[in-house]
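Undergrad: I would like to see how this sequence folds:
(2 chains)
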2 protein chains.
Amino acid sequence: MSIRIGILGYGNLGRGVESAIRQNPDTVLAAVFTRRDPGSLKIRTEGVPVVSVDQAADYADKIDVMILCGGSATDLPVQTPAFARLFNVINSFDTHARIPEHFAAVDQAAREGGKVAVISVGWDPGMFSLNRMIASACLPEGANYTFWGRGVSQGHSDAIRRIEGVEDARQYTVPVQEAVDRVRGGEHPDFTARQMHTRECFVVAREGADKARIEKEIKEMPNYFADYDTTVTFISKEEMRRDHAELPHGGFVIRSGVTGFDGEHTQIIEYSLKLDSNPEFTSSVLIAYARAAARLASEGQSGAKTVFDIAPAYLSPLSGEELRAHML
Amino acid sequence: MSIRIGILGYGNLGRGVESAIRQNPDTVLAAVFTRRDPGSLKIRTEGVPVVSVDQAADYADKIDVMILCGGSATDLPVQTPAFARLFNVINSFDTHARIPEHFAAVDQAAREGGKVAVISVGWDPGMFSLNRMIASACLPEGANYTFWGRGVSQGHSDAIRRIEGVEDARQYTVPVQEAVDRVRGGEHPDFTARQMHTRECFVVAREGADKARIEKEIKEMPNYFADYDTTVTFISKEEMRRDHAELPHGGFVIRSGVTGFDGEHTQIIEYSLKLDSNPEFTSSVLIAYARAAARLASEGQSGAKTVFDIAPAYLSPLSGEELRAHML
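TA: Alright, predicted model coming up:
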């Protein structure tokens, strides 16, 4: 029996989930929910209804897992507890500092609704978190390093777009190779933000805009750019379209630790991602956890969970026997 | 309350577990069990009894988890079901082809004893398996590649030592860089064994032995060397002691997949280990899973499990709240 998936929000992530469903034969797209006029939305899967989010409750018994594809700033904190009363839900909530309060709110709602809610699924938080956690448990004496990139940071790109005179912008986060090499070599340095990443900005300025002022405003922007070596390159609209249309990303989590009676052996665990499409990879992880949520719910579980709480076998369409025979 | 660990078998792995216990303050070494004369064994932890394996049953209520540090060929298939009737157990059974039958035998014994038994823990099987499995679930359209090395293969070293005229030997498994680069570049080749790894052998010959014959026997040995490009270097006993005393290893698991409506985006997941000491890293993973086994047992679970069946949070000494606040 297929796992019936609902998608709430049809942006980059929602479209990614739609395409991931096609790669997972045990899942099927049941409906797409939108805050826009449903008639205005054209999806890629034939015969699947596009429904106003206001009608979502009518679908409570037609959907096994609802994947919430909104943003972490304003959508998910409201939507997730609301939907977790009615549906098993998955989200990719990624405001790290607010995860504890989000977990508490979602947990209460999901328990009241008797549903499973898996929050903060994707790659960071998500796969990177899983690797930080497992590596830390396997090498208790050591340090974790997370490098991001080379890839597009949507938050930093948006921050640049809010500057007066900017028409479009794309920001790439780039790990500093020397820092990566030191960690891979077994050192445990205390890095500043500047020592780990640089920031490359590609900006389309409006006609007549003061480029020197824009560059200065970017480089001095607190939190986003002031603590980094930042380069700003002005390009044309055509160059933006031609060279920066994709959303690649990636990075690596490195745990560098020691073992032995005298800590005499260095042991290094590295997990890395090289992604042509950040939203499609996140979507693909969301579908694997949707499978897990459906199974946990069918076992009678409820409440909020994270990637830490779910046994890996739940993610796979293969049986325990198959996994042991072919993957172990 | 500390988790009381028993060690059965005091070789490289047993000593690794002993040192790992010192790095995990929530664990304590309760006893070491041996088939040798207990009086002949000198362990590194003061005040801990060394006991004949024949007396192990007397320790059933003094040990929370018994870590079985014997070999996969003959020790673990017998010891694991026998001990799983009396203790929660962990092993590093690594004969991949025999895992299904081993799991079945251990599962029955552990259920009858009401104990938890986690088999095939370490890095391959173990961490590598976990990454193959999770990466396959997150990127269903793709291929897995496992490269080992550069590192000492004990099985291959032993095979060389059995050749007449060989006094000592060390075999390094080495990944072929060109193959690694192709996979990292997003290709999905079908490799032969020879295309993925080479084998470097360092051999101490007995005085007067026919080195040409030894080299030929190594290179033509079926399963172990015939399918690989193998180099044989004869060295002195002193060089062996000086340059090859350690047991480094490592390798990488790469999942190369595609996403998108037309498979247009390549996505690459890589997990890699660079280990100064293979047995100490394996031991360190064993301790993390011993923690999990103790917790699962205290929840009333029983039966055989693998790394696929255990939620990652069980591996960590941190609470769910701490993990969400600091690791997610």
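Undergrad: Which residue ranges of the stretch 201-328 of chain A form strands?
TA: With DSSP state E, counting those that start in this stretch, the ranges of strands along the stretch 201-328 of chain A come out as A:229-234, A:249-259, A:265-275, A:303-305.
Undergrad: got those strands as CSV, with mean pLDDT, distance to A:F281 and mean neighbour count columns?
TA: Where C-beta positions appear, they are placed from N, C-alpha and C, glycine not excepted. Listed next are those as CSV, based on pLDDT from 0 to 100; distance: least, Cβ to Cβ, whole Å; neighbours: other Cβ atoms under 10 Å in any protein chain shown:
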stretch, mean pLDDT, distance to A:F281, mean neighbour count
strand A:229-234, 98, 26, 16
strand A:249-259, 97, 8, 24
strand A:265-275, 98, 5, 23
strand A:303-305, 98, 21, 24
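Undergrad: Let's have those in CSV, adding distance to A:E207.
TA: Listed next are the strands of the stretch 201-328 of chain A as CSV, based on distance: least, Cβ to Cβ, whole Å:
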stretch, distance to A:E207
strand A:229-234, 12
strand A:249-259, 31
strand A:265-275, 35
strand A:303-305, 50
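Undergrad: Can I get those strands in JSON lines including distance to chain B?
TA: Converted to JSON lines, those look like this (distance: least, Cβ to the nearest Cβ, whole Å):
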{"stretch": "strand A:229-234", "distance to chain B": "25"}
{"stretch": "strand A:249-259", "distance to chain B": "4"}
{"stretch": "strand A:265-275", "distance to chain B": "4"}
{"stretch": "strand A:303-305", "distance to chain B": "9"}
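Undergrad: Of these, which is nearest B:A209?
TA: Closest to B:A209 of these is strand A:265-275 (Cβ to Cβ; 33.7 Å).
Undergrad: Within the sheet, what are the partner strands of the closest one, with directions?
TA: Taking DSSP bridges as the criterion, strand A:265-275 pairs within the sheet with strand A:249-259 (antiparallel), strand B:265-275 (antiparallel).
Undergrad: could I get those as TSV with distance to B:E164?
TA: Compiled in TSV, the strands paired with strand A:265-275 are given as follows (distance: least, Cβ to Cβ, whole Å):
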stretch	distance to B:E164
strand A:249-259	37
strand B:265-275	33
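Undergrad: So for A:H188, which of those strands sits nearest?
TA: The closest approach between A:H188 and any of the strands paired with strand A:265-275, judged by Cβ to Cβ, belongs to strand A:249-259 at 5.9 Å.
Undergrad: got the contact list for A:Y289?
TA: Going by Cβ atoms under 8 Å, 6 or more residues apart in numbering or on different chains, A:Y289 touches A:90, A:118, A:121, A:307, A:310, A:315.
Undergrad: so which helix or strand takes in the residue of the stretch 1-150 of chain A found nearest chain B?
TA: When scored by Cβ to the nearest Cβ, the stretch 1-150 of chain A has A:A137 as its residue closest to chain B, at 4.0 Å. With elements taken from DSSP states H and E, the one containing A:A137 is helix A:127-138.
Undergrad: what inclination does that helix have with respect to strand A:265-275?
TA: What separates the directions of helix A:127-138 and strand A:265-275 is an angle of 170 degrees, with axes from the mean of the first three to the mean of the last three Cα atoms, to 10 degrees.
Undergrad: among the strands of the stretch 201-328 of chain A, which is nearest B:V28?
TA: Across the strands of the stretch 201-328 of chain A, B:V28 has its closest neighbour in strand A:249-259 (18.0 Å, Cβ to Cβ).
Undergrad: In PDB, list the C-alpha atoms belonging to the closest one.
TA: Output in PDB follows, covering the C-alpha atoms of strand A:249-259 (Å, rounded to 0.1, in the frame of the first residue of the first chain):
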ATOM      1  CA  HIS A 249      25.300  23.600  -2.200                       C
ATOM      2  CA  GLY A 250      27.000  21.100   0.100                       C
ATOM      3  CA  GLY A 251      29.700  21.000   2.700                       C
ATOM      4  CA  PHE A 252      31.300  18.700   5.200                       C
ATOM      5  CA  VAL A 253      31.100  17.700   8.800                       C
ATOM      6  CA  ILE A 254      34.400  16.600  10.300                       C
ATOM      7  CA  ARG A 255      34.900  15.000  13.600                       C
ATOM      8  CA  SER A 256      38.500  14.900  14.600                       C
ATOM      9  CA  GLY A 257      39.200  12.800  17.700                       C
ATOM     10  CA  VAL A 258      41.800  10.700  19.500                       C
ATOM     11  CA  THR A 259      41.700   7.200  21.000                       C
END
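Undergrad: now it, how far from the chain's geometric center?
TA: In this view, strand A:249-259 has its centroid 18 Å away from the chain centroid, taken as Cα atoms, centre = their mean, to the nearest Å.
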